[in-house]
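1. Generate a structure from the sequence data that follows.
(one chain, ligands or ions: 2)
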Amino acid sequence: MLGKFFQKPGAELSDRVPPGQRLSKGFPVLTYGDMPQIDRDSWQFQVWGLAIQKTFRWSDFMAMPQSSFTTDFHCVTTWSKLDVQWIGIKVTDFMQYVEVDPQAIHVMEHCYGDYTTNISMEDFLREENFFAHTLFGDPLPPDHGGPLRLVVPHLYAWKSAKWINGLEFLNHEALGFWERNGYHRRGEPFAEERYSDR
Ligand SMILES: Nc1nc2c(c(=O)[nH]1)N[C@H]1C(S)=C(S)[C@@H](COP(=O)(O)O)O[C@H]1N2
Ligand SMILES: [Mo]
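-> Ligands and ions are numbered 1, 2, ... in the order given. The predicted model follows:
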(Lines give C-alpha, C1' and ligand atoms only; values in the text may rest on other atoms or scores of the structure.)
(Ligands and ions follow the chains in the order given, each with its own letter.)
Protein backbone atom coordinates (compact mmCIF):
# COMPACT_ATOMS: atom_id res chain seq x y z
CA MET A 1 0.00 0.00 0.00
CA LEU A 2 2.63 2.52 1.09
CA GLY A 3 4.89 1.57 -1.84
CA LYS A 4 2.22 1.84 -4.47
CA PHE A 5 0.50 5.11 -3.59
CA PHE A 6 3.01 6.96 -1.42
CA GLN A 7 6.60 7.62 -2.43
CA LYS A 8 9.57 8.80 -0.50
CA PRO A 9 10.50 12.18 -2.03
CA GLY A 10 13.81 12.44 -3.89
CA ALA A 11 16.53 14.78 -2.62
CA GLU A 12 15.62 17.36 -5.29
CA LEU A 13 12.26 17.85 -3.57
CA SER A 14 13.60 18.07 -0.04
CA ASP A 15 12.93 21.82 0.16
CA ARG A 16 9.29 21.27 -0.81
CA VAL A 17 8.39 18.12 1.12
CA PRO A 18 8.38 18.62 4.89
CA PRO A 19 10.11 16.13 7.19
CA GLY A 20 8.20 12.90 7.80
CA GLN A 21 5.98 13.29 4.71
CA ARG A 22 5.52 10.95 1.72
CA LEU A 23 4.33 12.00 -1.70
CA SER A 24 0.87 10.85 -2.66
CA LYS A 25 0.10 10.07 -6.30
CA GLY A 26 -3.64 10.52 -5.91
CA PHE A 27 -5.47 13.15 -3.87
CA PRO A 28 -6.81 11.32 -0.80
CA VAL A 29 -10.02 12.51 0.87
CA LEU A 30 -9.74 13.16 4.59
CA THR A 31 -12.98 13.99 6.38
CA TYR A 32 -14.01 13.55 9.98
CA GLY A 33 -17.68 12.51 10.06
CA ASP A 34 -20.25 12.79 7.30
CA MET A 35 -19.84 14.84 4.16
CA PRO A 36 -22.28 17.76 4.09
CA GLN A 37 -24.06 18.42 0.78
CA ILE A 38 -24.76 22.07 -0.06
CA ASP A 39 -26.06 23.50 -3.30
CA ARG A 40 -24.79 26.85 -4.48
CA ASP A 41 -28.24 28.50 -4.41
CA SER A 42 -28.77 27.96 -0.69
CA TRP A 43 -25.08 28.32 0.22
CA GLN A 44 -24.26 31.14 2.65
CA PHE A 45 -21.10 32.45 4.27
CA GLN A 46 -21.07 34.63 7.38
CA VAL A 47 -18.56 36.76 9.22
CA TRP A 48 -19.13 37.68 12.85
CA GLY A 49 -17.46 38.28 16.20
CA LEU A 50 -14.99 41.18 16.06
CA ALA A 51 -16.17 42.16 12.58
CA ILE A 52 -19.28 43.81 11.27
CA GLN A 53 -21.69 40.89 10.82
CA LYS A 54 -22.26 40.13 7.17
CA THR A 55 -23.76 37.34 5.06
CA PHE A 56 -22.40 36.49 1.61
CA ARG A 57 -24.15 34.46 -1.08
CA TRP A 58 -22.53 32.42 -3.84
CA SER A 59 -22.98 35.26 -6.35
CA ASP A 60 -21.10 37.63 -4.01
CA PHE A 61 -18.04 35.36 -4.05
CA MET A 62 -18.25 34.97 -7.83
CA ALA A 63 -18.23 38.76 -8.22
CA MET A 64 -14.93 39.05 -6.32
CA PRO A 65 -11.55 38.98 -8.13
CA GLN A 66 -10.70 35.42 -9.22
CA SER A 67 -7.16 34.00 -9.24
CA SER A 68 -5.37 30.75 -10.13
CA PHE A 69 -3.07 28.95 -7.68
CA THR A 70 -0.67 26.01 -7.70
CA THR A 71 0.07 24.84 -4.18
CA ASP A 72 1.45 21.94 -2.16
CA PHE A 73 -0.82 20.18 0.31
CA HIS A 74 0.49 18.51 3.48
CA CYS A 75 -1.74 16.29 5.63
CA VAL A 76 -0.55 15.61 9.17
CA THR A 77 -1.22 11.88 8.61
CA THR A 78 2.04 12.09 6.54
CA TRP A 79 0.92 12.38 2.93
CA SER A 80 1.72 15.39 0.78
CA LYS A 81 0.49 16.24 -2.68
CA LEU A 82 2.49 18.71 -4.76
CA ASP A 83 1.29 21.11 -7.46
CA VAL A 84 -2.44 21.07 -6.80
CA GLN A 85 -4.17 23.48 -9.19
CA TRP A 86 -7.00 25.62 -7.94
CA ILE A 87 -9.06 28.68 -8.85
CA GLY A 88 -10.63 30.89 -6.24
CA ILE A 89 -10.55 34.11 -4.29
CA LYS A 90 -7.50 35.31 -2.38
CA VAL A 91 -8.16 35.85 1.32
CA THR A 92 -6.63 39.31 1.03
CA ASP A 93 -9.08 40.18 -1.78
CA PHE A 94 -12.03 38.77 0.19
CA MET A 95 -11.04 40.81 3.22
CA GLN A 96 -11.66 44.03 1.27
CA TYR A 97 -15.36 43.24 1.79
CA VAL A 98 -15.08 42.72 5.56
CA GLU A 99 -14.75 45.30 8.30
CA VAL A 100 -12.69 43.82 11.10
CA ASP A 101 -12.12 45.34 14.52
CA PRO A 102 -8.37 45.99 15.01
CA GLN A 103 -8.57 43.94 18.22
CA ALA A 104 -9.19 40.76 16.24
CA ILE A 105 -6.00 38.66 16.42
CA HIS A 106 -7.41 35.15 15.86
CA VAL A 107 -9.97 33.59 13.56
CA MET A 108 -12.18 30.51 13.95
CA GLU A 109 -13.02 28.85 10.65
CA HIS A 110 -16.55 27.39 10.68
CA CYS A 111 -18.00 24.86 8.24
CA TYR A 112 -21.15 23.12 7.13
CA GLY A 113 -21.06 19.91 9.18
CA ASP A 114 -19.74 21.82 12.22
CA TYR A 115 -16.01 21.22 11.75
CA THR A 116 -13.91 24.08 13.13
CA THR A 117 -10.25 24.99 13.02
CA ASN A 118 -8.41 27.99 14.46
CA ILE A 119 -5.79 30.20 12.88
CA SER A 120 -4.05 33.40 13.93
CA MET A 121 -4.90 36.55 12.03
CA GLU A 122 -1.28 36.73 10.90
CA ASP A 123 -1.39 33.22 9.38
CA PHE A 124 -4.87 33.83 7.93
CA LEU A 125 -4.01 37.08 6.15
CA ARG A 126 -1.04 35.69 4.22
CA GLU A 127 -0.95 36.59 0.56
CA GLU A 128 -0.96 32.93 -0.61
CA ASN A 129 -4.19 31.85 1.16
CA PHE A 130 -7.43 31.53 -0.80
CA PHE A 131 -10.98 30.22 -0.96
CA ALA A 132 -11.14 27.55 -3.69
CA HIS A 133 -14.10 26.61 -5.87
CA THR A 134 -12.26 24.90 -8.75
CA LEU A 135 -9.82 21.96 -8.57
CA PHE A 136 -7.78 20.90 -11.64
CA GLY A 137 -10.21 22.74 -13.90
CA ASP A 138 -13.43 21.23 -12.53
CA PRO A 139 -15.86 22.51 -9.90
CA LEU A 140 -14.44 21.55 -6.50
CA PRO A 141 -15.95 18.09 -5.82
CA PRO A 142 -18.07 17.77 -2.66
CA ASP A 143 -15.66 15.30 -1.02
CA HIS A 144 -12.79 17.81 -1.41
CA GLY A 145 -14.91 20.56 0.19
CA GLY A 146 -17.13 21.88 -2.60
CA PRO A 147 -18.70 24.21 -3.23
CA LEU A 148 -16.02 26.22 -1.38
CA ARG A 149 -13.07 25.49 0.88
CA LEU A 150 -10.26 27.48 2.37
CA VAL A 151 -6.67 26.62 1.37
CA VAL A 152 -3.81 27.64 3.69
CA PRO A 153 -0.73 26.24 1.92
CA HIS A 154 1.84 27.02 4.62
CA LEU A 155 0.09 25.02 7.39
CA TYR A 156 -0.97 21.36 7.66
CA ALA A 157 -4.10 20.71 5.62
CA TRP A 158 -6.45 20.38 8.58
CA LYS A 159 -6.38 24.22 8.63
CA SER A 160 -7.77 24.19 5.05
CA ALA A 161 -11.43 23.95 6.04
CA LYS A 162 -13.72 22.18 3.58
CA TRP A 163 -17.34 23.40 3.16
CA ILE A 164 -16.32 26.59 4.93
CA ASN A 165 -19.29 28.81 5.77
CA GLY A 166 -18.04 31.32 8.26
CA LEU A 167 -15.29 33.23 9.97
CA GLU A 168 -15.49 34.28 13.60
CA PHE A 169 -13.02 37.00 14.49
CA LEU A 170 -11.66 36.81 18.05
CA ASN A 171 -9.47 38.82 20.41
CA HIS A 172 -8.00 35.62 21.87
CA GLU A 173 -6.94 32.17 20.72
CA ALA A 174 -9.67 29.53 20.85
CA LEU A 175 -9.15 25.92 19.75
CA GLY A 176 -10.91 24.20 16.85
CA PHE A 177 -11.89 20.55 16.50
CA TRP A 178 -8.52 18.84 15.98
CA GLU A 179 -6.71 21.39 18.13
CA ARG A 180 -8.96 20.42 21.08
CA ASN A 181 -8.16 16.79 20.32
CA GLY A 182 -4.40 16.88 20.65
CA TYR A 183 -3.25 18.52 17.45
CA HIS A 184 -1.00 21.54 17.39
CA ARG A 185 -2.56 24.98 17.67
CA ARG A 186 -0.59 26.26 14.65
CA GLY A 187 0.53 23.24 12.59
CA GLU A 188 3.51 24.38 10.53
CA PRO A 189 4.70 21.31 8.56
CA PHE A 190 8.38 22.21 8.13
CA ALA A 191 8.64 22.57 11.92
CA GLU A 192 6.61 19.31 12.28
CA GLU A 193 4.09 21.04 14.53
CA ARG A 194 1.86 17.95 14.54
CA TYR A 195 0.70 17.53 18.13
CA SER A 196 0.00 19.77 21.04
CA ASP A 197 2.69 19.62 23.73
CA ARG A 198 0.19 20.08 26.54
N1 LIG B 1 -14.91 20.65 7.17
C2 LIG B 1 -13.81 19.88 7.18
N3 LIG B 1 -12.69 20.38 6.67
C4 LIG B 1 -11.55 19.61 6.68
C5 LIG B 1 -11.54 18.33 7.25
C6 LIG B 1 -12.76 17.83 7.79
O7 LIG B 1 -12.84 16.70 8.31
N8 LIG B 1 -13.89 18.65 7.74
N9 LIG B 1 -10.38 17.59 7.26
C10 LIG B 1 -9.12 18.34 7.16
C11 LIG B 1 -7.97 17.49 6.93
S12 LIG B 1 -7.38 16.61 8.25
C13 LIG B 1 -7.33 17.44 5.72
S14 LIG B 1 -5.90 16.56 5.49
C15 LIG B 1 -7.90 18.11 4.55
C16 LIG B 1 -8.15 17.06 3.49
O17 LIG B 1 -8.63 17.63 2.32
P18 LIG B 1 -9.05 16.66 1.15
O19 LIG B 1 -10.10 15.71 1.67
O20 LIG B 1 -9.53 17.55 0.05
O21 LIG B 1 -7.79 15.90 0.76
O22 LIG B 1 -9.12 18.78 4.81
C23 LIG B 1 -9.18 19.40 6.07
N24 LIG B 1 -10.42 20.15 6.14
MO1 LIG C 1 -5.30 15.78 7.53
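2. May I have the secondary structure class of the nearest residue to Gly113 once chain neighbours are set aside?
-> The shortest distance from Gly113 to any non-neighbouring residue, by CB to CB, 6 or more residues apart in numbering, is to Pro36 (4.0 Å). (Glycine included, C-beta is placed from N, CA and C.) Secondary structure state of Pro36, per DSSP: H, G, I helix; E, B strand; the rest coil, is coil.
3. Touching, Pro36 and Gly145? I think so.
-> No. In this structure Pro36 lies outside contact range of Gly145 using CB atoms under 8 Å: 9.7 Å.
4. what do the two both touch?
-> Trp163 (CB atoms under 8 Å, 6 or more residues apart in numbering).
5. Just give me the longest strand of the chain.
-> Determined from DSSP state E, the single longest strand within the chain is strand 79-90.
6. Show the secondary-structure elements that it is packed against.
-> Judged by 3 or more CB pairs under 8 Å, 6 or more residues apart in numbering; DSSP states H and E, strand 79-90 is in contact with strand 22-24, strand 67-74, strand 130-135.
7. residue ranges with poor pLDDT in the chain?
-> When residues are selected by pLDDT under 70, those of the chain lie in 1-4, 198.
8. Quick check: nearest residue in space to the residue positioned nearest the centre of it, chain neighbours excluded?
-> Centroid-nearest residue in the chain, with CA atoms, centre = their mean: Ser160, separated by 1.4 Å. Using CB to CB, 6+ apart and skipping the chain neighbours, the partner closest in space to Ser160 is Val151 (4.9 Å).
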